[in-house]
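*Asks:* only the shape, not the letters, is given here:
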């Protein structure tokens, strides 16, 4: 019995990292976000879109690609291409999907604890941490907030982890960094870009050391999850965290 449990746990640990289970795990998150944007956005659904989503769609529009479903389709193509490149099995287990959801929630709770420790450090240093009202976006309605937070979980991870982290890793490898050092540098550099991105553009947040440093730390947390547990759980962790702090609790959020 113990051997069977160990084998099942090992299989889950490996399966949850694979691109195909990640893609299946993402579909409900993407569907909920895209449906919410359309249903709640009235005549101007774009105002509900997350910043990373808006930036990537803007780049596609510049290229003349304006279909609403194109970005989700491209995410699917990237993950399917990754799956084919790895020559992984096409088999997907329901228990893996359930485990990924549970793991995402547990990691989100762990990040809440990181946020509380971060807040404590700033209080001890008397650095006047920002109040929760300064850290959450003033969007009326819990459902609308939830849609926005899910979009942050999906598309910020697509932009900063699925796309930018591998590019950064390749860049550091070109400078002859060892693989593990390249991964560490990719995680650190993209995390600071992730934090800084929230202070760029017409709707950017005013710079605040508390929020910037927390987002950088959260970016490193997500990058670590991406390297160790795969893309699906990274998205689930980010979305679950933002839902916890933005809808359930009052704590720093990363979108």
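*Replies:* That came through fine. Please read these numbers as outputs of a predicted model, since none were measured by experiment. Numbering: from 1, shown residues only.

*Asks:* surely residue 244 touches residue 113?
*Replies:* No - with contact defined as Cβ atoms under 8 Å, residue 244 does not reach residue 113; the gap is 11.3 Å. Using the backbone N, CA and C atoms, a C-beta is placed for each residue, glycine as well.

*Asks:* more neighbours, those two?
*Replies:* Counted by other Cβ atoms under 10 Å, residue 244 and residue 113 do not tie: residue 244 has more neighbours, with 19 against 9.

*Asks:* residue contacts, the nearest residue to the more buried one once chain neighbours are set aside?
*Replies:* Of all residues not flanking residue 244 in the chain, residue 108 sits nearest, at 5.7 Å (Cβ to Cβ, 6 or more residues apart in numbering). The contact partners of residue 108, by Cβ atoms under 8 Å, 6 or more residues apart in numbering, come to 236-238, 240-241, 244.

*Asks:* hmm, 7 Å instead?
*Replies:* Counting by Cβ atoms under 7 Å, 6 or more residues apart in numbering, residue 108 touches 237, 240-241, 244.

*Asks:* for the residues you listed, pick the one with the most neighbours.
*Replies:* residue 241 (32 neighbours).

*Asks:* and the gap between that residue and residue 114?
*Replies:* Distance of residue 241 to residue 114, computed by Cβ to Cβ, to the nearest Å: 10 Å.

*Asks:* same deal with residue 68?
*Replies:* Taking Cβ to Cβ, one finds residue 68 at 35 Å from residue 114.

*Asks:* who has more neighbours out of these two?
*Replies:* residue 114 (17 against 11).

*Asks:* that one: which element?
*Replies:* helix 94-124 (DSSP states H and E).

*Asks:* still on that earlier bit, determine which two of the contacts of residue 108 are furthest apart.
*Replies:* 237 and 244 (10.4 Å; Cβ to Cβ).

*Asks:* rewinding a little: in the helix holding residue 114, what's buried?
*Replies:* Using 16 or more other Cβ atoms under 10 Å as the test for burial, helix 94-124 gives 96-97, 99-101, 103-105, 107-108, 111-112, 114-115, 118-119, 122.

*Asks:* got it, and stretch 165-172?
*Replies:* 165, 168-169, 172.

*Asks:* please apply the same query to stretch 208-219.
*Replies:* Counting neighbours by 16+ other Cβ under 10 Å, one finds that the buried residues in stretch 208-219 are 208, 210-219.

*Asks:* between those, which sits nearest residue 3?
*Replies:* residue 218 (38.2 Å).

*Asks:* for the helix or strand containing that closest one, the distance to its chain's centre please.
*Replies:* Under DSSP H and E, the secondary-structure element containing residue 218 is helix 209-229. From the chain centre to the centre of helix 209-229 is a distance of 10 Å (Cα atoms, centre = their mean, to the nearest Å).

*Asks:* and it with helix 94-124, angle?
*Replies:* 150 degrees (axes from the mean of the first three to the mean of the last three Cα atoms, to 10 degrees).

*Asks:* from the contact counts, what lies against the helix or strand just after helix 209-229?
*Replies:* Later in the chain than helix 209-229, the nearest helix or strand by DSSP H and E is helix 231-243. Judged by 3 or more Cβ pairs under 7 Å, 6 or more residues apart in numbering; DSSP states H and E, the packing partners of helix 231-243 are helix 19-40, helix 94-124, helix 142-151, helix 157, helix 209-229.

*Asks:* this completes my enquiry, with thanks.
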